[in-house]
Every structure is written in structure tokens, then in C-alpha cells.
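Undergrad: here you go, sequence then predicted model.
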Amino acid sequence: MSAGMSMYEWDRVGIIHRELSYYKELSRHVGPLSFISYGDNFHTETQLLKQNIHDADIVWIRSSTLSNISGGLFLTSFIPSFYYKSFDNIKAVRTNQISGAWSGWFIAKQLNVPFILRAGYLMSKNIRLDPAASVLKKKLLIFLEKWIVKRADAIIVTYPKAKQYLVNQYQISPSIVSIIGNPINVDLFCPQANRNKTRRTLLFIGRFTPEKNIGTILLACHQARVSITLIGSGPLKKEMLELAASLNLDAQFIDYLPNTQIPQIMNDHHIFIIASHFEGNPKVLLEAMSCEMPCIASNIPEHKDVIDHEKEGLIVPSTTDALAKAIHRILESPFLARKWGERARRKILKDYSLKSNAVKEGLLHKRISNK
């Protein structure tokens, strides 16, 4: 798992089913899975894992002592490599993200097995765009990303520009980088025949952080005079609650929900909106598209990789006026909106379904193991 992440945390924020559904499907192609977790309760971690994948195991958890000291989680991300002898019968090491992947490489090196680096998001690219990150933090994360990328036997990225970035930035061979988009459970995330006829207008799901540009979304709602539901938490939530109140918006704020409840929420809304300044391959946007929601997304490269403008949704500038106009356009063109939603789902079925992605990754594991 990523540095600092655990089964408990996945469960707390409602995404454990989303995350482990893919690993369950992947295990059909690569065999039983073992997890390194940064939780500190072995019983809880194992129980949560086996509720989703009965033949998977937790092979290491962090010590609670390290979490109580400065930099404890970062230091802990290096420790699993010292326990490599405990990981018997491991055929390959595969990371969930770049964060914490360095420990996985050390384990793979000691066991003489392939090391597969999954880069669902790029640490260096995102940290450069984070105004709150210190210079030291930026330099450290960029160094660690370069170090681990150049040592991987295979790399999985979730969108084409991520591959281009890694190849150009670190001078690695394109042949070791595979594009496998974020997996979507298309049977769970699907349009429902009995959609609520009195549906609310806009839906936003995500962290309340500066890059999500939530304030602009709220201002656009005010300008367009529409309702909105916002699901998530984060440091800016109080500020966004105050902004919505000052604008007298019809806005509902909901904390984290289990991912299994999100399809119903999506079917109870007309439009999904995401106005981020930067992203990776946003799962929540893919899930909305799988539910045939007409989507409005900011015109950043990562969104353009997913949505074909005016064919599968709308790509617009992340400004109040542009977002408000896009909202009106969808509401005033229900036929077009329905067609965009249908095409969006077809794309997800073709390129992002959980089962097809597991097949692709399974073939990658076999190929890398036979080298």
C-alpha cells in the first residue's frame, strides 16, 4: 500500500470496496496476494482485507511507536524492506502508488523478483504545482520519484501523458511503461432505470483542497442558480461551507460515504462537475461517466485524455463564467446530454472496466516474470 495508508483508512473514507475489488479480480490472473499495510492493528487489517479477498494476507504492519514521532510515517515507509525474509514465495512486488514504493524495490531486490511500479499519480508533477509544499519537500519527493522510476522492471501509468512525462523526464525506455487506466466496476457504476425524477442538479466528489477549485464551482452554481451536492472532506471544507452560506446556495455537504453508495448518489443528480487545476486519472470522473452522467471538467490535459469534448461531455476553462455556461448548456440540451452520457459509458466499458484492466495487468505480470 502507499506510504501511510491502511485497510482501516480505506474503510474509514469509504473506498475499501473500490480498491480491493480490483485486487480481487487481479488475483484471478496472478494468484494470491499479500499486502504491506501501514495500519497498526494486525487483527483489524486482516479482518477488513479478508472481508473483501478471502485468500489474501497481511504480511507486515507498522509499529505504532513510529507514528508518534516527527516524520514517523515517512520513516516507516523504509522499514518493510528489513523484513524481506518474511515474504516467502513472493513472485513479484507491485506497488499501489509511487509513495512508499522504495521499500518495495528493496524487497524485490533482496528476493530477486520483478519490481512493478504503479504510478496512479505523479508525485513530482503534483508537488511542483502545490503552493503549500516546502522547497525541501519538493526536492525530496522529486529525487525519490526519479530514483524509483529508473529502477523499476515495469511501470504502470493510468493515462498517456503520464507515460510521456516519465519517459522524457527520466530518460527511460517507453517499452517498460504500460498504460492501464484506473479500473472501474462497471456493474456497480451504471445508469439506473428508476432515476429520481426530482434529481438535484450538480454533484461534486473529492477532497476539499486548493487544487480542486471548489470555490469557483460554488460561484458558478450561484451564477447558474442551481443546486449542488458536495461529498468529501479536507482542510477547506469549513471555508466552503461559509461561502455556500454567504451565497445562499442550495448546497448539501456530505462527509465520506462508502463507495458502494456512490452510484445511487450519481443517479440522483443531473450533472457531475470537476474543475481541478491538476489531476491524475480521476476515478470519480470515470465512475460518473460509467453512470452515464453528463460531465463538466476543467480543460487540463488529464481531463482531455478522458473526455472527448462535446462527444462525451464538456471540457471548459475553470472559471465561474465558463462553468456556469456549461451547466446551462447541459440543462437546456437534454438530448445532447443523454448522448454524451451514453458515449461516456461506452468509453469506460471499452477502456476502463475492472475486468479488462485485470486481464491487461495479468499479461504484464506474466511477461515480466518470463524475462
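TA: Received, thanks.
Undergrad: does Ser37 touch Met1 like I think?
TA: Yes - counting by C-beta atoms under 8 Å, Met1 is a contact partner of Ser37 at 5.5 Å. For every residue, glycine as well, the C-beta is placed using N, CA and C.
Undergrad: who's more crowded, the two?
TA: Using other C-beta atoms under 10 Å as the criterion, Ser37 and Met1 rank with Ser37 on top: 25 against 21.
Undergrad: show me what contacts the more buried one?
TA: Met1, Met5, Ser6, Met7, Glu45, Ile58, Trp60, Ile61, Arg62 (C-beta atoms under 8 Å, 6 or more residues apart in numbering).
Undergrad: again, only this time at 7 Å
TA: Met1, Ser6, Met7, Glu45, Ile58, Ile61 (C-beta atoms under 7 Å, 6 or more residues apart in numbering).
Undergrad: same check, this time on Trp340
TA: Counting by C-beta under 7 Å, 6+ apart, Trp340 has contacts Pro294, Lys311, Glu312, Gly313.
Undergrad: what about it, helix or strand, and which?
TA: Trp340 belongs to helix 334-351 when assigned by DSSP states H and E.
Undergrad: and that helix, average pLDDT?
TA: Averaging the model's pLDDT scores along helix 334-351 yields 96.
Undergrad: strands of the stretch 151-300 of the chain, start to end?
TA: Remark: strands assigned in the stretch 151-300 of the chain by DSSP state E, counting those that start in this stretch are 154-157, 177-179, 200-205, 228-231, 251-254, 269-274, 295-298.
Undergrad: and the shortest one, what does it pack against?
TA: What it means is strand 177-179. strand 154-157, helix 160-170 (3 or more C-beta pairs under 7 Å, 6 or more residues apart in numbering; DSSP states H and E).
Undergrad: and that strand, how far out from the chain middle?
TA: 17 Å (C-alpha atoms, centre = their mean, to the nearest Å).
Undergrad: rounded mean pLDDT for it, please.
TA: Here the average pLDDT along strand 177-179 is 97.
Undergrad: run a quick neighbour tally on Gln192.
TA: Neighbours of Gln192 using other C-beta under 10 Å come to 13.
Undergrad: wait, it sits on Asn267?
TA: Yes - in this structure, Gln192 is within contact of Asn267 by C-beta atoms under 7 Å, at 4.4 Å.
Undergrad: wasn't Ala322 part of a strand?
TA: No - per DSSP: H, G, I helix; E, B strand; the rest coil, Ala322 lies outside any strand segment and is helix.
Undergrad: shouldn't it be in contact with Val316?
TA: Yes - at 4.3 Å, Ala322 counts as touching Val316 under the criterion of C-beta under 7 Å.
Undergrad: looking at the two, which has the bigger crowd around it?
TA: Val316 (23 against 19).
Undergrad: for the more buried one, which residues make a bridge with it?
TA: Under the criterion DSSP bridges, Val316 forms beta bridges with Ser298.
Undergrad: and Asn194, how far from Asp268?
TA: Separation of Asn194 from Asp268 (C-beta to C-beta, to the nearest Å): 11 Å.
Undergrad: who's more crowded, those two?
TA: Ranked by neighbour count (other C-beta under 10 Å), Asn194 and Asp268 place Asp268 first, with 15 against 6.
Undergrad: any idea which residue sits dead centre in this protein?
TA: Lys283 (4.9 Å; C-alpha atoms, centre = their mean).
Undergrad: in contact with that one, which residues?
TA: Neighbours of Lys283 in contact, by C-beta under 7 Å, 6+ apart: Asn182.
Undergrad: got it, and Ile300?
TA: Ser276, Phe278, Glu279.
Undergrad: by mean pLDDT, flag the weakest helix or strand of this protein.
TA: helix 72-76 (a mean of 63; mean pLDDT, DSSP states H and E).
Undergrad: Ser369 - how many residues pack around it?
TA: Residues near Ser369, counting by other C-beta under 10 Å: 14.
Undergrad: low-confidence ranges in this structure?
TA: 64-75, 84, 196-198, 371 (pLDDT under 70).
Undergrad: show me what counts as buried in stretch 174-194.
TA: 176-186, 188-191 (16 or more other C-beta atoms under 10 Å).
Undergrad: with stretch 194-210 instead?
TA: Arg200, Thr201, Leu202, Leu203, Phe204, Ile205, Gly206, Arg207, Phe208, Thr209, Pro210.
Undergrad: kindly report the same for stretch 336-345.
TA: Residues of stretch 336-345 classed as buried: Ala337, Trp340, Gly341, Arg343, Ala344, Arg345 (neighbour count, 16+ other C-beta under 10 Å).
Undergrad: which strands and helices lie in contact with whatever helix or strand Phe106 lives in?
TA: Assigned by DSSP H and E, Phe106 belongs to helix 101-111. Helices and strands touching helix 101-111, by 3+ C-beta pairs under 7 Å, 6+ apart, are strand 93-94, strand 115-119, helix 135-149.
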